[in-house]
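1. below are the sequence and a predicted model; questions follow.
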Amino acid sequence: MPEIAIIGGTGVYDPSILTDIHDDSITTPFGEVSFKTGIYNGVEVAFIPRHGSHHSIPPHKINYRANIWAIKKIGVKKIFATTAVGSLNPSMKPGDFVLIDQFLDFTKSRITTFFEGKDGKVVHADVSEPYCPHLRQVLKKAAGELGITAHMGGTYVCTEGPRFETPAEIKMYARFGGDLVGMTNVPEVTLAHEAEMCYATVSMVTNQAAGISQTPLTHAEVVATMEKNGANIKNLIMKSIELLTSVKEECHCASTIAEFGGFNI
Ligand code: HPA
């Protein structure tokens, strides 16, 4: 049973770094989820391309609950996610990696919890530390060993999409303290939190945000930058898997909702 999962965002569709790859699927209360499992360095890893293997699922239609429930059920405890982002922060430039530590949620139509009051169960999860501090330290160490520059912290603004933002929205997000903008990290992060799993995201800056960029944004630009840096993002995650046990594990992710009886759905 894999204890580690990679959720690949835009441009990260290819699990070929793994060996002995198998297609698998699981039926969840929220629908069917297909994923792959394989071996890296003797460790079993599950891989889900968030947008489907051909980027056919738009951000607001991703079945976030099914994905997280599925990997929880197969035994995953730690998730490395990737996201492509636009940058609002002049120090975070296209091609840079950011190990985000906070988010601002501007999504509109997504169900952001597993607990909708069924059987009287309501859960208010603490998200003071939305991204696992242990996995973030591991990613930082891996980046250092590989000579990859990664910003240690940043606030991710999650928009509903699928359109890009207006320059006025970007100005507002910047005033609110946002550094990066993307369309998929919420509710993935909060659901992983409710499911009491360690979750960290490597955000890759693919473009300057609307209005900061002098040219109109295109999806092709986003994909091209991701592909250019695809090897680095893969190396970073794989190195992190190697280093997982070399950094002292200090996090409370596995007991996030203990107050509510834990994740037992
Ligand atoms: N906005 C929203 N999502 C994105 C962007 C952006 O500029 N770049 C990559 N994903």
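-> Sure thing, it's come through.

2. what about whatever helix or strand residue 72 lives in, average pLDDT?
-> Using DSSP states H and E, residue 72 sits in helix 64-73. Across helix 64-73, pLDDT averages out at 96.

3. when you give positions from now on, start the count at 12
-> Yep, numbering from 12; the last one is helix 75-84 now.

4. may I see the buried residues of it?
-> By neighbour count with 16 or more other C-beta atoms under 10 Å, helix 75-84 contains the buried residues 75, 76, 77, 78, 79, 80, 81, 82, 83. Glycine gets a C-beta too; all of them are placed from N, C-alpha and C.

5. which residues does the last one contact?
-> Think residue 83. 206, 208, 274 (C-beta atoms under 8 Å, 6 or more residues apart in numbering).

6. surely the last one is within a helix?
-> Right, the one you point to is residue 274. No: secondary structure of residue 274 (DSSP: H, G, I helix; E, B strand; the rest coil): coil, not part of a helix.

7. before we move on, the earlier item: following element in sequence after the helix holding residue 83, please.
-> Counting by DSSP H and E, the next helix or strand C-terminal to helix 75-84 is strand 89-98.

8. just checking, next helix/strand downstream of that next one?
-> strand 108-110.

9. ok, residues contacting that following strand?
-> By C-beta under 8 Å, 6+ apart, strand 108-110 touches 96, 103, 142, 147, 150-151, 154, 159-165, 190-191, 211-216, 243-244, 247.

10. re earlier: let's have the buried residues of helix 75-84 in JSON lines, adding distance to the ligand.
-> Compiled in JSON lines, the buried residues of helix 75-84 are given as follows (distance: C-beta to the nearest ligand atom, whole Å):
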{"residue": "75", "distance to the ligand": "16"}
{"residue": "76", "distance to the ligand": "21"}
{"residue": "77", "distance to the ligand": "22"}
{"residue": "78", "distance to the ligand": "19"}
{"residue": "79", "distance to the ligand": "21"}
{"residue": "80", "distance to the ligand": "25"}
{"residue": "81", "distance to the ligand": "24"}
{"residue": "82", "distance to the ligand": "23"}
{"residue": "83", "distance to the ligand": "26"}
